[in-house]
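# build me a structure from this.
(one chain, ligands or ions: 1)
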Amino acid sequence: MRLPSMQFTAPRSARRAGLRALLLSSLLAGRALAQSDAGETAARPGAGCPAGSTEVRPGACRAPQLPPPSIVDYRPRSTLITARHDVRRAKYPVIDFHGHPEDRLRSADALAAMVRSLDSINVRLMLSADNMSGQALASTVALVNGTPYKDRVRVLAGINFRDVGPGWAEKAVAQLEADVAAGAVGVGEISKGFGLSIRKPDGSRLHIDDPALDPIWDACARLRLPVFIHTADPEEFFRPLDYANERWLEQALFPYRHYAPERYPSFEDLLTERDNLFRRHPKTTFVTAHMGWQANDLARLGTLLDELPNVYTEIGAVLYDIGRQPRGAHDFFVKYQDRVLFGKDSFQPSEYPYYWRVLETRDEYFDYYRGYHAFWKLYGIDLPDTVLQKVYFRNALRITPRLPKTGWPE
Ligand SMILES: [Zn+2]
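Here you go, the predicted structure:
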């Protein structure tokens, strides 16, 4: 591009002022250079810069001249100006496969208030994954069925994993059959404690693939109940809690989320046991919650889905991993469009629109709703409408025969 000619016709006074500014800035630059050379230390080979300093040029480290804020207080404002499309309501009606309505199902008023929230974000049906069983499940189903909202909630049944040993399976299967008769449509959410911490009467850890449990998984296949299962937690929770740990702040805020290797099985052991379970029961439908905590390694999750057609996955609480790899996540959702279910986990109506924005738009570099989960921004993955419909409701309807089947888009 040609420079406009007016640049060369500025008045003499302006030119003189420009010259002075140029001189001043080169003087300051010279001083800064001298200071910087004095204040810099060399990076240690293979170990990077010493604590409290950062690399400013190859091999040269520098410490801030002002006291640095802690990571809790540093909240830079993005200066990026780009198209923004907030999505308050999902484009199609949604089944939340990973709901925790808890007390909201204990009174008709609380349920009515929850339904108003669900309407505002276009969630048509919530599955309660609160592990209910027996009388609690029966009275919850009765309460829901006594309101105008009986097709807005379905309940998953819980399995009691205490005292696994002789006689356990017969009792557990009988209870599950009773819960299905009372209205349960699936099983879950089987908690992360299963595998991590639940013990057998002899004190040994109950492994996820323990053969004593086989009859309950076979019963789920026979009763056509999808099994919604949460195994392990983010892999960083199992790793050393040093300053390279991506989830350092979260574990500092919630220390119980750290799984020290002296006390807990490893992430890999838990996934191996989980996959053995899925493999040994090919007629049982399993939905691995939180994308199996493998949303940061979609190729590996894809390998699991390729190998085991009875396995599905759900996206609750891992939006930070989906939204930081918009191209890879887009391709994963398209390739596995028949295997991914929407779920949210913790019920915070204001947080659902972040999911809609990631799944439906091409927006760039926007905030996630939990700063302590992720130190990065999110991007929209721009799913096609057919894929959105499958993730939002069609897949859940297909794998859960007892859901209300009418009223969904063609
Ligand atoms: Zn959950």
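
# next up, the contacts around whichever residue of the stretch 51-200 of the chain sits closest to the ion.
The ion sits closest to residue 189 of the stretch 51-200 of the chain, with a gap of 4.5 Å, by CB to the ion. Any C-beta I mention is one placed from the backbone N, CA and C, and that applies to glycine too. By CB atoms under 8 Å, 6 or more residues apart in numbering, residue 189 lies in contact with 98, 129, 130, 131, 156, 228, 229, 230, 289.

# which strand or helix spans it?
With secondary structure defined by DSSP states H and E, residue 189 is part of strand 186-190.

# how about residue 56?
Assigned by DSSP H and E, residue 56 falls in strand 54-57.

# could you tell me which strands that strand is paired with, and in which direction each runs?
strand 60-62 (antiparallel) (DSSP bridges).

# now the strand it pairs with: how far from the chain's centre is it?
37 Å (CA atoms, centre = their mean, to the nearest Å).

# pLDDT of it, averaged?
Averaged across strand 60-62, the pLDDT comes to 96.

# following that strand, which helix or strand shows up next?
Next along from strand 60-62, by DSSP H and E: strand 94-99.

# now that following strand - C-alpha only, PDB.
Written as PDB, here are the backbone C-alpha positions of strand 94-99 (Å, rounded to 0.1, in the frame of the first residue of the first chain):
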ATOM      1  CA  VAL A  94     -32.400 -31.100  25.100                       C
ATOM      2  CA  ILE A  95     -32.200 -34.200  27.300                       C
ATOM      3  CA  ASP A  96     -29.900 -33.600  30.200                       C
ATOM      4  CA  PHE A  97     -28.600 -37.100  30.800                       C
ATOM      5  CA  HIS A  98     -26.500 -36.000  33.800                       C
ATOM      6  CA  GLY A  99     -28.900 -34.100  36.100                       C
END
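
# tell me the angle it makes with strand 186-190.
Interaxial angle, strand 94-99 versus strand 186-190 (axes from the mean of the first three to the mean of the last three CA atoms, to 10 degrees): 50 degrees.

# list the buried residues for the next helix or strand after strand 94-99?
From strand 94-99 onward toward the C-terminus, using DSSP H and E, the following helix or strand is helix 108-121. Buried residues in helix 108-121, counted by 16 or more other CB atoms under 10 Å: 111, 114, 115, 118, 121.

# what angle do helix 108-121 and strand 94-99 make?
130 degrees.

# who touches helix 108-121?
Contacts for helix 108-121 (CB under 8 Å, 6+ apart): 88-90, 94, 101, 103-105, 124, 126, 143-144, 146-147, 149, 152-153, 347, 349, 352-353, 356.

# so among those, which ones count as buried?
90, 94, 101, 104-105, 124, 126, 143-144, 149, 152-153, 347, 352-353, 356.

# so where's the stretch 51-200 of the chain uncertain?
Of all residues in the stretch 51-200 of the chain, none has pLDDT under 70.

# the chain against the ion: which residues are in contact?
189, 345 (CB under 5 Å from the ion).

# need the residue closest to the centroid of the chain.
With distances taken as CA atoms, centre = their mean, the residue of the chain nearest its centroid is residue 318 (1.4 Å).

# how much space between that one and residue 233?
11 Å (CB to CB, to the nearest Å).

# now swap in residue 112 and tell me
Residue 112 is 34 Å from residue 233, by CB to CB.

# and if you look at residue 67?
Residue 67 is 35 Å from residue 233, by CB to CB.

# the more surrounded of those two?
residue 233 (19 against 5; other CB atoms under 10 Å).

# what ranges does the chain have for its helices?
Assigned by DSSP state H, the helices in the chain fall at 12-39, 108-121, 134-145, 168-181, 193-196, 214-222, 248-253, 267-280, 298-307, 319-322, 326-335, 352-360, 385-389, 395-399.

# tell me which of these sits nearest to residue 409.
helix 385-389 (6.8 Å; CB to CB).

# send me the closest one as CSV with only the CA atoms.
Extracted in CSV, the C-alpha atoms of helix 385-389 (Å, rounded to 0.1, in the frame of the first residue of the first chain):
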residue,chain,number,x,y,z
ASP,A,385,-27.7,-29.4,13.0
THR,A,386,-28.0,-33.2,12.5
VAL,A,387,-25.2,-33.8,15.0
LEU,A,388,-26.6,-31.3,17.5
GLN,A,389,-29.9,-33.1,17.4
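
# next, the buried residues of it.
So, applying 16+ other CB under 10 Å, buried residues of helix 385-389: 387, 388, 389.

# cool, and stretch 223-242?
Of the residues in stretch 223-242, those buried (16+ other CB under 10 Å) are 223-239.

# span of it from start to end?
47 Å (CA to CA, to the nearest Å).

# please apply the same query to stretch 80-89.
Rule used - CA to CA; the end-to-end distance of stretch 80-89 is 25 Å.

# show me how far it is from its chain's centre.
21 Å.

# pick the one among the buried residues of helix 108-121 closest to residue 61.
Nearest to residue 61 among the buried residues of helix 108-121, with distances taken as CB to CB, is residue 121, at 47.7 Å.

# so how far is residue 89 from that closest one?
When residue 121 is compared with residue 89 (using CB to CB), they lie 6 Å apart.

# same check on residue 100?
The value you get for residue 100 to residue 89, if CB to CB is used, is 21 Å.

# ditto for residue 210
Distance from residue 210 to residue 89, by CB to CB: 44 Å.

# swap in residue 229?
30 Å.

# looking at it, residue 253 is touching residue 373, isn't it?
No - between residue 253 and residue 373 there is no contact, the gap being 10.3 Å when judged by CB atoms under 8 Å.
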